[in-house]
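In: Got a predicted structure plus its sequence, pasted below:
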Number of protein chains: 2
Amino acid sequence: MTRLTLALDVMGGDFGPRITIPALSLALEKNPMLSVIAFGNEVESLPYIHKLPLEQQQRIQFKHTAKSIDAHLPFMQALRQSKGSSIRLTIESVAEGKAQGCVSGGNTGLLMGLAKQLIELLPNIDRPALTSLIPTLNGKSTVMLDLGANVEADSKLLMQFAEMGNIFAQIMLEQVYPRIALLNIGTEENKGTIHLRESHQQLKLLQHLNYQGFIEGDKLLNHLTDVIVCDGFSGNIALKTLEGAAKNLLSFFKKTSEESHLCRQAKRYLLQLIFYRYYRKLQQINPDRHNGATLLGLSSVVVKSHGGANINAFYYAIQYAISQIENEIPAKISQGLNGKY
Amino acid sequence: MTRLTLALDVMGGDFGPRITIPALSLALEKNPMLSVIAFGNEVESLPYIHKLPLEQQQRIQFKHTAKSIDAHLPFMQALRQSKGSSIRLTIESVAEGKAQGCVSGGNTGLLMGLAKQLIELLPNIDRPALTSLIPTLNGKSTVMLDLGANVEADSKLLMQFAEMGNIFAQIMLEQVYPRIALLNIGTEENKGTIHLRESHQQLKLLQHLNYQGFIEGDKLLNHLTDVIVCDGFSGNIALKTLEGAAKNLLSFFKKTSEESHLCRQAKRYLLQLIFYRYYRKLQQINPDRHNGATLLGLSSVVVKSHGGANINAFYYAIQYAISQIENEIPAKISQGLNGKY
């Protein structure tokens, strides 16, 4: 590991420094070459930082700001109020090249909006895509993008998403020739929007992509593909529907202590599916790598942690960002796309 | 109940006459004024019909056809082969006014395609919408449309869907002032496509509609609204994602006989969610009213039963069609929309 600087919004998320700083400590312990620029309120943050080993404290450059933005504030209002806030300062430090990437558990819309505004796009990319790993039933993951950064996507954009997803899956899932599919409402050639049909025809011709065709919403969890490409509207609808179903079904299990093995297994998977977002009693669940959405297509790594993340989950979001920086995801995407679209 | 004639595709669905004719028998028993025109292969169908009470046999006008279309055939191929098939003859008999409505468990795409081609649209409707009742967690239902009849929908079409959904919920769910929401990727005014934002502004101004604003994918099961309006693409993605999640989660429960009460409750709800589509051991589950999707906006009632329906579920699809005919859903939609858009 070479020297690496990460910007961190310690105020982001439902619990702020109480979660983010212990998580940061785990990351500093794990990665000896990691330095961090941390943005947050000093009154709330310093008590947690002062508890850390001196060696770790020396690798944290703490920047005080009294301002943080409520995660549930509407986007336009959040944007207007964002100047000088921890989330904006975090993004700015990346935009100014002071850090190679950042992590925040704050307002998703605001984080995307600021990142798109302030951080440079990669040369061959028109728009970034919000990208996540979906936990599949066999214990593996599928890369899914876009999950909400773009309401609409023409075929040119969908092709860029496919290329980005392909490179992301190669590196992050260690897949040699990742299977790629387009989310659609049927698997026949004439199904879906004109953009999907155009992309389908183009993708079939590209030898370097392992394109499988269309995939429907009921197959998202079956690991039939390594990458699912969609516009941000349908991707967001699909992901939230999945999370809502999982969250609601968990309510069946919530009350009982008497549990069969199968109930436990179902519950565990449901919790994975909702990415720790809604439930806080998470210590009994193993941390996994499904916390964190990445805004792919920017020249730096931007990772959004779920607001409800616990220490382990937030630590995994930091590790996820570090892994993307070490693997030079932005540069590799840029090379992969070089002049293609 | 006044005299009523229904057209029935007895070959549709995964099991054909073995399921459809006993279901029809239950419906004939329940509705003394019901007559049926049944289309199917006589070799396969007549043994079942001859088992029925003579009084019931006299109310069935059986029309032989050797041809039926595989439910999984691609749409264009199915359409080309459809002439003289049981599903097409069923739709034709409605189009010709010989029956007031029809039920089929056959190929969804083909049923929609034929119905749109052959059955007249209501005067004030531009396109029909595939409409279903989604079972919510509190044991009630939400009307959702469009679920796949139209890949795209501009604001004019979305307004028509809202009006149709409103009338459908008033009658079928017995709601006085049904709450209506638009499916979107956020609840703020500036979210989503231009069509959604336009519809949002228009719906806010209409006093006769109880418009609640946008709803996100994670709230579909929470009965926060009585009607969910969307284009057919995102509606289909949402519904299939829901069904896929339910189907996959059921696999956790499949193997065990040792079950806690909570497991059973979860399982029961999951089965409701997938509308009996995938599981055949259904006798232990109470039939409910969630089998059957309606193509709203046509001058006659067209109900699609799920292909995997058992006798009870198919019986409910027939009852669902009868109830819509008795309640004059098409005429009421037409009156409700009269000259509005």
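Out: Great, that's in hand.
In: Need the nearest residue in space to the residue of the stretch 1-150 of chain A found nearest chain B, chain neighbours excluded.
Out: Residue of the stretch 1-150 of chain A nearest chain B, by CB to the nearest CB: A:P74 (4.6 Å). Every residue, glycine included, has its C-beta placed from N, CA and C. Excluding its sequence neighbours, the residue lying closest to A:P74 (CB to CB, 6 or more residues apart in numbering or on different chains) is B:E188, at 4.6 Å.
In: can I assume the one you found sits in a strand?
Out: No. Under DSSP: H, G, I helix; E, B strand; the rest coil, B:E188 falls outside any strand and is assigned coil.
In: list the contacts for it?
Out: A:74-76, B:214 (CB atoms under 8 Å, 6 or more residues apart in numbering or on different chains).
In: Kindly reformat these as CSV containing secondary structure, distance to A:L206 and pLDDT.
Out: Listed next are these as CSV, based on DSSP: H, G, I helix; E, B strand; the rest coil; distance: CB to CB, whole Å; pLDDT from 0 to 100:
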residue, secondary structure, distance to A:L206, pLDDT
A:P74, coil, 40, 81
A:F75, helix, 35, 82
A:M76, helix, 39, 85
B:F214, strand, 37, 97
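In: any chance of the residues you listed in CSV, plus distance to A:V143?
Out: As requested, the contacts of B:E188 are exported to CSV (distance: CB to CB, whole Å):
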residue, distance to A:V143
A:P74, 29
A:F75, 26
A:M76, 30
B:F214, 28
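In: Kindly reformat those residues as CSV containing neighbour count.
Out: Shown next, in CSV, are these (neighbours: other CB atoms under 10 Å in any protein chain shown):
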residue, neighbour count
A:P74, 17
A:F75, 17
A:M76, 14
B:F214, 19
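In: and those residues, which two are the farthest apart?
Out: A:M76 and B:F214 (15.1 Å; CB to CB).
In: Helices along the stretch 101-250 of chain A, start to end?
Out: For the stretch 101-250 of chain A, the helices defined by DSSP state H, counting those that start in this stretch cover A:108-118, A:155-172, A:194-205, A:232-253.
In: nearest to chain B, of these?
Out: Per CB to the nearest CB, nearest to chain B of the helices of the stretch 101-250 of chain A: helix A:232-253, 3.1 Å.
In: all strands for chain A, in order.
Out: Taking DSSP state E, the strands of chain A run over residues A:4-9, A:34-40, A:60-64, A:101-104, A:129-135, A:141-145, A:179-183, A:210-215, A:227-229, A:293-296, A:301-304.
In: In a markdown table: these, plus distance to chain B.
Out: Converted to a markdown table, the strands of chain A look like this (distance: least, CB to the nearest CB, whole Å):
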| stretch | distance to chain B |
| --- | --- |
| strand A:4-9 | 21 |
| strand A:34-40 | 26 |
| strand A:60-64 | 30 |
| strand A:101-104 | 18 |
| strand A:129-135 | 11 |
| strand A:141-145 | 11 |
| strand A:179-183 | 7 |
| strand A:210-215 | 10 |
| strand A:227-229 | 11 |
| strand A:293-296 | 14 |
| strand A:301-304 | 15 |
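In: Output those in JSON lines, with distance to B:K267 appended to each entry.
Out: Formatted as JSON lines, those follow (distance: least, CB to CB, whole Å):
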{"stretch": "strand A:4-9", "distance to B:K267": "42"}
{"stretch": "strand A:34-40", "distance to B:K267": "46"}
{"stretch": "strand A:60-64", "distance to B:K267": "49"}
{"stretch": "strand A:101-104", "distance to B:K267": "39"}
{"stretch": "strand A:129-135", "distance to B:K267": "21"}
{"stretch": "strand A:141-145", "distance to B:K267": "26"}
{"stretch": "strand A:179-183", "distance to B:K267": "28"}
{"stretch": "strand A:210-215", "distance to B:K267": "26"}
{"stretch": "strand A:227-229", "distance to B:K267": "28"}
{"stretch": "strand A:293-296", "distance to B:K267": "32"}
{"stretch": "strand A:301-304", "distance to B:K267": "34"}
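In: was I right about A:H200 contacting A:Q212?
Out: No. Assessed by CB atoms under 8 Å, A:H200 is found out of contact with A:Q212, at 10.6 Å.
In: who has more neighbours, the two?
Out: Between A:H200 and A:Q212, counted using other CB atoms under 10 Å in any protein chain shown, A:H200 has the larger neighbour count: 21 against 17.
In: For that one, which non-adjacent residue is spatially closest?
Out: A:H200's closest residue in space is A:L182 (CB to CB, 6+ apart), at 6.1 Å.
In: what do you get for A:V227?
Out: A:G165 (3.8 Å).
In: quick one: contacts for the one you found?
Out: Per CB under 8 Å, 6+ apart, neighbours of A:G165: A:131, A:143, A:145, A:178, A:180, A:227-229, A:296.
In: Closest one of those residues to A:C102?
Out: Nearest to A:C102 among the contacts of A:G165, with distances taken as CB to CB, is A:L296, at 14.3 Å.
In: I figured the closest one hits A:F168, correct?
Out: Yes. In this structure, A:L296 is within contact of A:F168 by CB under 8 Å, at 6.3 Å.
In: which neighbours do those two share?
Out: A:131, A:145, A:329, A:333.
In: picking up where we left off before, what count of nearby residues applies to the residue nearest to A:H200?
Out: Using other CB under 10 Å: A:L182 sits among 26 other residues.
In: Same question for A:P32.
Out: 10.
In: How far does stretch A:298-309 stretch from one end to the other?
Out: 24 Å (CA to CA, to the nearest Å).
In: got a list of what A:E189 touches?
Out: A:197, A:200.
In: any idea how far A:L203 is from it?
Out: A:E189 sits 12 Å away from A:L203, going by CB to CB, to the nearest Å.
In: so the residue nearest to A:H200 touches A:E198, yeah?
Out: No. If you go by CB under 8 Å, A:L182 and A:E198 don't touch, sitting 10.5 Å apart.
In: Give me the distance between A:S25 and A:I311.
Out: 9 Å.
In: Next to chain B in this structure, residues from the stretch 101-250 of chain A, please.
Out: Contact residues (CB under 8 Å from any CB of the partner chain) of the stretch 101-250 of chain A with chain B: A:109, A:137, A:148, A:151-152, A:183, A:185-186, A:188, A:190, A:192-193, A:216-222, A:232-234, A:236-249.
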